[in-house]
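Undergrad: Please find the sequence and the predicted model below.
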Amino acid sequence: MQKLNDGRPIVFGEVLFDCFPDGTSVLGGAPFNVAWHLQGFGLNPLMISSVGDDETGHTVLRTMEHWNMDTSGIQISKSFPTGQVKIEINEGEPSYDILAHQAYDNISFNNISSNFDNEQCSLIYHGSLIRRESASRDALQQLISQCKLPVFVDINLRPPWWQIEDVRAVLHAAQFVKLNIHELAAVMDLPSIGKTDYQTLSKQCFSLYDLDLLIVTLGEEGAFILSSEGIIKGTPVMAKQFVDTVGAGDSFSAVIIAGLAKQLPIKLLLQRALEFSAAICEIRGATTTNRSLYESFLEN
């Protein structure tokens, strides 16, 4: 497996507000959530995104500064608004109405901060949603080409914002991939997947796309990681006081990235990821300013 450089992760993608049925809104977006948690773990990520020149965009920057996050990679758009997602919660499970033509869809490669040294960066994280419009898709591809760093992709298939051909191109460019079993079935062009089949299908996916790690989440059944050494299964962890699952997958990804950076054994980083995502299910939304929550998760 490719070893990460000692350096900060680059997180590329959407910054937006999750808007709940009761009128409350929470700052989020999968890449932003990952960057937020990486900052909590002390990895000083470089978040590359775009927000509108509006009050919500200014709120993003103030909130990042309060969490001591680097805002140099955040572009301010005069033409597009700060992103929003309308969330409905049914029996604890979220559904998403992802508004189109947002600032994060229009990240410009020419405006990406050049004040960082590739040698001081460890990897590039992005999700699949950020590729839905051409501007951000092109900027991401140029960034990956320029930096030549390992790529961690979080597959989030949000209809109607994905095409199978594009997802396959993303997988071919990645070294680390995280998805759930439904997304695994989709990228392998199957309508569904049985419990007895997902490990076999995971091995096929791992080989087809020549991956270093394939991380497959199984909901209440936990998760497993496939590497060149085989499959390692994590023990499921349940939230003690369940609130919602918003951002649980993003917190899981953040622990995996941080664990890789700290060279934790795969079995240990997988279990820590499951524990941390369960803890996030005990709060409203995807992020927290409770620094004590981060303290113990990456200790050896």
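TA: Arrived safely.
Undergrad: buried stuff in the helix or strand bottoming out on mean pLDDT in the chain?
TA: The helix or strand with the lowest mean pLDDT-type score in the chain, counting by mean pLDDT, DSSP states H and E, is strand 93-98 (a mean of 80). Using 16 or more other CB atoms under 10 Å as the burial criterion, the residues of strand 93-98 that qualify are Pro94, Tyr96, Ile98. (Each C-beta comes from the backbone N, C-alpha and C, glycine too.)
Undergrad: Return it as PDB; C-alpha atoms alone will do.
TA: This file holds the C-alpha atoms of strand 93-98, laid out as PDB (Å, rounded to 0.1, in the frame of the first residue of the first chain):
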ATOM      1  CA  GLU A  93     -32.700   8.300   7.900                       C
ATOM      2  CA  PRO A  94     -32.000  11.500   5.900                       C
ATOM      3  CA  SER A  95     -33.100  12.300   2.300                       C
ATOM      4  CA  TYR A  96     -31.500  15.100   0.400                       C
ATOM      5  CA  ASP A  97     -32.600  17.700  -2.100                       C
ATOM      6  CA  ILE A  98     -29.300  19.100  -3.400                       C
END
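Undergrad: list the helices and strands it packs on?
TA: Counting contacts by 3 or more CB pairs under 8 Å, 6 or more residues apart in numbering; DSSP states H and E, strand 93-98 packs against strand 83-90.
Undergrad: quick one: contacts of the strand it packs on?
TA: When contacts are defined by CB atoms under 8 Å, 6 or more residues apart in numbering, strand 83-90 is touched by residues 14-21, 25, 28-29, 51, 56, 94-99, 102-105, 244, 246.
Undergrad: Mind checking which of the residues you listed land in strands?
TA: With strands identified by DSSP state E, the entries of the contacts of strand 83-90 that belong to them are Leu16, Phe17, Asp18, Cys19, Ser25, Gly28, Val51, Pro94, Ser95, Tyr96, Asp97, Ile98.
Undergrad: residues making contact with stretch 126-144?
TA: Counting contacts by CB under 8 Å, 6+ apart, the residues touching stretch 126-144 from outside are 10-14, 30-31, 48, 50, 98, 101, 104-109, 112, 124, 151-158, 161-162, 166-167, 170, 173.
Undergrad: Strands of the chain, start to end?
TA: Secondary structure of the chain by DSSP E: the strands cover 8-12, 16-19, 25-28, 46-52, 74-77, 83-90, 93-98, 121-127, 151-154, 176-180, 213-217, 223-227, 230-233.
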